[in-house]
Each structure stands twice: as C-alpha cells, then as structure tokens.
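Asks: generate coordinates for the sequence data below:
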Amino acid sequence: MSRVLRLLRSPWVRRGFVVVALAAAVWAVASQWEQVSAALASIPPATVALSFAVGVAYVLVTMMSWRAVLHDMGSVLTVREAGGLFLVSQLGKYLPGGVWNFLAAAEMGTDLRIPRRRSISVMVVAILVSIVTAMILAAAALVVGPAELAGRYGWVGWFLPLFVLLLAPPVLNRLLSVALRLTRRPPLEKPLTLRGVAASALWALLGWVLAGLQVWLVISALGAPASLGSFALAAGGYALAWTIGFLVVVVPAGVGVREAVLAVALAGQLGPGSVVVTVLLSRVLLTAADFLLGLAGAADVRHRARRLGRATAS
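Replies: Numbers count the residues shown, from 1 in each chain. Predicted coordinates for the structure are as follows:
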C-alpha cells in the first residue's frame, strides 16, 4: 500500500492521470460524433448554447454540494480551491473502475492539507447525498412518466426510505467510523452535522433541477410540450438515469446505461429519432462541461502551485 501511495504522489503520475482522463472524456464525445453532429444540426444554436451553459452550472453546483460536506467535516476551502480539486478529480469518472475520482480527490487533497481519509469520506457522503436527492426526483418521474418506466425501474423507489435514513448524521457518522476502523484508519476528527448534510442536499437538489432544465430545453426545441409536466419528467428522468448509471460501476461515467434509461423516460414525449438526439446531446454537453471545467481547474491548480513555489523560493 505504501508503494501505491508513493506512486500516486509522483507529479508525473498526476499529470498522466489528467491527460488520460481528458482523453477519455474526448473519446466519449468523438466516438459518437456522427450522431452528435446530426443532433446539433437539428436544434437552434441558441438552444445548444443555453443548454451547455446550464450544464456548466450543473457541474459547478454539484461541486458546491461536495464542498458543503467537506466544510462540515472540518476542511474549509475557498470556492476557487474547491473548484480546482473537485473539477480535476471528477475527470476520473470517465476511466473504467469507478474509483479514480476518489483516488484523485484523496491525493490532490493532501496539497490543501486534507487528510486522505477525510477526502474519501467526503466523496462517499456527497455521492450518497446525490443518490438520495436524485431518487426523490426520480420518484416524480415514475409518477408522471410512462407505465413502462414505472414497471422497469419502480424498484428504485423501494430503496428511497433506506437511503434517506442513511443520511441521518448519527447513522452516517456511525457507518463512517466503522468503515475507518475496519480499514485500520484513524477516526474522523469532526463528525457530520444535520446542517452540513442539509446544505449539501439543497445544493444537490438544485443541481438535479439544472440537469433537468438542460434536458427540457432540448426536448422543447424538438417538439415536446413546454409544460411543467414535461419538465418534471425531464428532471426526474435524468436523475433516475444518473442513479442507475452510477450503480453500474463497470461502465465509465454510466455511458450507455444513462442514455438507455433516459430514452425510456422520454419515450412518451418525443418520437424515437428525437429521443436519440436528446440523450446524445445531453451526454455530449455535460461531458464537454466536465472537460472544459476540468481543464480550467488543472490550469488553476498548476498556476497556484507555481506561484507558491516562487513565494517559497523568495
């Protein structure tokens, strides 16, 4: 284990991670470019630009949800510091395995004096918050969506009470303590509070609303009714697709799985061709947002490291 940690601390390994993760994100777009270009041609440019801007806002709001947990557990970062850490580490989700974003956050966090065990715990809690809030909106999709959606994915609602219970700070703190003890890691210095978990959940809910707005803008441009019901289906359907895609950890960033679930959710709103356009464009725009924000975060981290190096040398 110590050898692995020494390897992860290597600046060359860190740079290699960023390069490989960025390449994976680019490949996720390039592999479907023919279909994507056709999708872009069928939607007004203004709608595409607005959808991309909403996608960027969604990624940033997700970062704020994670930052709320980090703050509650004892590491207070500025928005800029949190952005550099979170946005770069999230590129790891495009690599197979489902753990690279965790490892990247843990290792990069040491530069900001965040213990590795805290980084991992924060990421776990933030994802659990995302799952619970996504399932709340997914329940709405199951109610207003087609019968096929409820029949195929109704089991998601069965687990909602359990996940909500897991978010209760006494339960969550106990589970984290047990996990750290089993892995022979020191206990957390500061337990989670209800205020911190609630703040993270509110940011996460806002994020799902923004993700749904992005999908809704696209389906409205393709002929779906611009109604509250179609918006609820877009937001809940995307949240449901994200949850199921996340659970399939062997697929990088849920590629293919999320699209399949979202296609079922939107089947009653659009024709088959328009559904394909929507799911492809949504994936590409969010991948592009991750890519550009990760690139900006990496540049900012490098800039701050150089500035700190010059200050130390002088």
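Asks: where does the protein dip in pLDDT?
Replies: 1-40, 94-98, 100, 145-149, 152-153, 247-256, 272-273, 304-305, 307-314 (pLDDT under 70).
Asks: longest helix in this structure, please.
Replies: Ranked by number of residues, the top helix in the chain under DSSP state H is helix 272-313.
Asks: and that helix, what does it pack against?
Replies: Contact here means 3 or more Cβ pairs under 8 Å, 6 or more residues apart in numbering; DSSP states H and E; on that basis helix 272-313 packs against helix 11-30, helix 33-41, helix 45-72, helix 79-89, helix 194-221, helix 257-266. Bear in mind the C-beta positions are built from the backbone N, C-alpha and C, glycine included.
Asks: switch the ones you listed over to CSV; also include mean neighbour count.
Replies: Putting those into CSV (neighbours: other Cβ atoms under 10 Å) gives the following:
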stretch, mean neighbour count
helix 11-30, 16
helix 33-41, 14
helix 45-72, 20
helix 79-89, 22
helix 194-221, 22
helix 257-266, 22
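Asks: my read: residue 242 touches residue 212, true?
Replies: No. Contact between residue 242 and residue 212 fails when scored by Cβ atoms under 8 Å: they sit 10.6 Å apart.
Asks: that older thread, mind checking the helices and strands packed on helix 272-313 for the one nearest to residue 289?
Replies: helix 45-72 (4.2 Å; Cβ to Cβ).
Asks: distance between the closest one and the chain's centre?
Replies: Here helix 45-72 is found 9 Å from its chain centre; the criterion is Cα atoms, centre = their mean, to the nearest Å.
Asks: that one vs helix 272-313, what angle?
Replies: Comparing the axes of helix 45-72 and helix 272-313 via axes from the mean of the first three to the mean of the last three Cα atoms, to 10 degrees yields an angle of 50 degrees.
Asks: and helix 45-72 with helix 79-89, angle?
Replies: Using the same axes, to 10 degrees: helix 45-72 against helix 79-89 is 110 degrees.
Asks: could the helices and strands packed on helix 272-313 go into JSON lines alongside distance to residue 135?
Replies: Formatted as JSON lines, the helices and strands packed on helix 272-313 follow (distance: least, Cβ to Cβ, whole Å):
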{"stretch": "helix 11-30", "distance to residue 135": "25"}
{"stretch": "helix 33-41", "distance to residue 135": "29"}
{"stretch": "helix 45-72", "distance to residue 135": "15"}
{"stretch": "helix 79-89", "distance to residue 135": "22"}
{"stretch": "helix 194-221", "distance to residue 135": "10"}
{"stretch": "helix 257-266", "distance to residue 135": "13"}
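Asks: looking at these, which is nearest to residue 280?
Replies: Taking these one by one with Cβ to Cβ, helix 33-41 is closest: 5.2 Å.
Asks: kindly export stretch 197-214 (C-alpha atoms) in PDB.
Replies: C-alpha atoms of stretch 197-214 as PDB (Å, rounded to 0.1, in the frame of the first residue of the first chain):
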ATOM      1  CA  VAL A 197     -25.900  17.400   5.300                       C
ATOM      2  CA  ALA A 198     -28.900  19.600   4.700                       C
ATOM      3  CA  ALA A 199     -26.800  22.300   2.900                       C
ATOM      4  CA  SER A 200     -25.300  19.600   0.700                       C
ATOM      5  CA  ALA A 201     -28.700  18.200  -0.100                       C
ATOM      6  CA  LEU A 202     -30.100  21.600  -1.100                       C
ATOM      7  CA  TRP A 203     -27.200  22.200  -3.500                       C
ATOM      8  CA  ALA A 204     -27.700  18.700  -4.900                       C
ATOM      9  CA  LEU A 205     -31.400  19.200  -5.500                       C
ATOM     10  CA  LEU A 206     -30.600  22.500  -7.300                       C
ATOM     11  CA  GLY A 207     -28.100  20.500  -9.400                       C
ATOM     12  CA  TRP A 208     -30.700  18.000 -10.500                       C
ATOM     13  CA  VAL A 209     -33.100  20.800 -11.300                       C
ATOM     14  CA  LEU A 210     -30.500  22.300 -13.600                       C
ATOM     15  CA  ALA A 211     -29.700  18.900 -15.200                       C
ATOM     16  CA  GLY A 212     -33.400  18.500 -15.800                       C
ATOM     17  CA  LEU A 213     -33.600  22.000 -17.300                       C
ATOM     18  CA  GLN A 214     -30.900  21.200 -19.700                       C
END
